[in-house]
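Participant: 3D model of this:
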Amino acid sequence: MPSVVRLEDVSVVRNGALILDGVQWSVEPDERWVVLGPNGAGKTTLLEVAGTQLFPTSGTVTVLDVEVGQADLSELRPRIGFASTALARRIPVTERVLDVVLTAAYAITGRWNEEYDDIDERRARRVLEEWGLAAFAERPFGELSDGEQKRVQIARSVMTDPEVLFLDEPAASLDLGARESLVRTLGGYASSPESPAIVVVTHHVEEIPVGFTHALVLAGGRVHAAGPIDSVITGETLSAAFGVPLDVSASGGRYTARAAVDGSAAESNAGSSAAERA
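Facilitator: Numbering: from 1, shown residues only. Now for the predicted structure:
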């Protein structure tokens, strides 16, 4: 089975600044990836490139066996689930929540003249119910809280039964309760064998849901580390990427990172994550 995402020597330059530098990365159908890295590392840009929202300056991007730039993206994008703050800003604040989800069928934001079948609306309502949003179906998107809006975005991203799902900082700005509720729900979704490949960008290891299998750490636009999550989410790897000594621990499939008491602490726990989870 081919990779659902494959980036080969991908670079992105904006206003003369190198944002991504020669990235090599692939995602398999049964993998759930988390992407971490400091501010400015290129995480969101990587997600936009992999999600066909942004063309690279150089390199090759293949998504769902289609080479980006060589095909009609209007046919490819409905097969991709994508949620981000930038996408949310394009949703009209007056848009009915049901329509926010429904318009994913055409990969657009905002109802216009497109037509939907009864089965589309039934599917949208079922997705809203699955994500605990049935009571909000008729409300304007702009009236929802941050946590509710983020859940609506995720519901929208899974509306079309995508073959790959990209989520950019889904738990950002949420309070503790809302964050934990969302992370728990994402963990349940990720653990289902029927779910698609998933890629989540986050700044915090505490936001990694249970069930994620792989991690990619970016630093300075380059891949600092990538592979099975146990071998990547370690004190040694994250300390080097973030430029500060960190202690990383794991319990019940969830992670915690704290500043190390001294510079040697991060090195001492570098291989501890897998043992603690076992």
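
Participant: contacting residues for residue 35?
Facilitator: Contacts for residue 35 (CB atoms under 8 Å, 6 or more residues apart in numbering) come out as 43, 46, 47, 199, 200, 201, 202, 215, 216, 217, 218. For glycine as for every other residue, the C-beta is placed from the backbone atoms N, C-alpha and C.

Participant: ok, 6 Å please
Facilitator: The neighbours of residue 35, taking CB atoms under 6 Å, 6 or more residues apart in numbering as the test, are 43, 201, 216.

Participant: what about the closest residue to the last one other than its chain neighbours, distance to residue 219?
Facilitator: Pointing back at residue 216 there. The shortest distance from residue 216 to any non-neighbouring residue, by CB to CB, 6 or more residues apart in numbering, is to residue 226 (4.3 Å). Residue 226 is 12 Å from residue 219, where distance means CB to CB, to the nearest Å.

Participant: the strands in the stretch 1-150 of the chain, which residues?
Facilitator: Listed in chain order, the strands of the stretch 1-150 of the chain (DSSP state E, counting those that start in this stretch) span 5-14, 17-27, 32-36, 58-63, 66-67, 80-83.

Participant: Adding distance to residue 107 and mean pLDDT, write those out as CSV.
Facilitator: Shown next, in CSV, are the strands of the stretch 1-150 of the chain (distance: least, CB to CB, whole Å; pLDDT from 0 to 100):
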stretch, distance to residue 107, mean pLDDT
strand 5-14, 17, 97
strand 17-27, 20, 96
strand 32-36, 22, 98
strand 58-63, 13, 96
strand 66-67, 14, 93
strand 80-83, 8, 91
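
Participant: Can you add distance to residue 124 and give those strands back as a markdown table?
Facilitator: Formatted as a markdown table, the strands of the stretch 1-150 of the chain follow (distance: least, CB to CB, whole Å):
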| stretch | distance to residue 124 |
| --- | --- |
| strand 5-14 | 26 |
| strand 17-27 | 27 |
| strand 32-36 | 25 |
| strand 58-63 | 24 |
| strand 66-67 | 26 |
| strand 80-83 | 14 |
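
Participant: Residue 135: which of these is closest?
Facilitator: Across those, residue 135 has its closest neighbour in strand 80-83 (20.4 Å, CB to CB).
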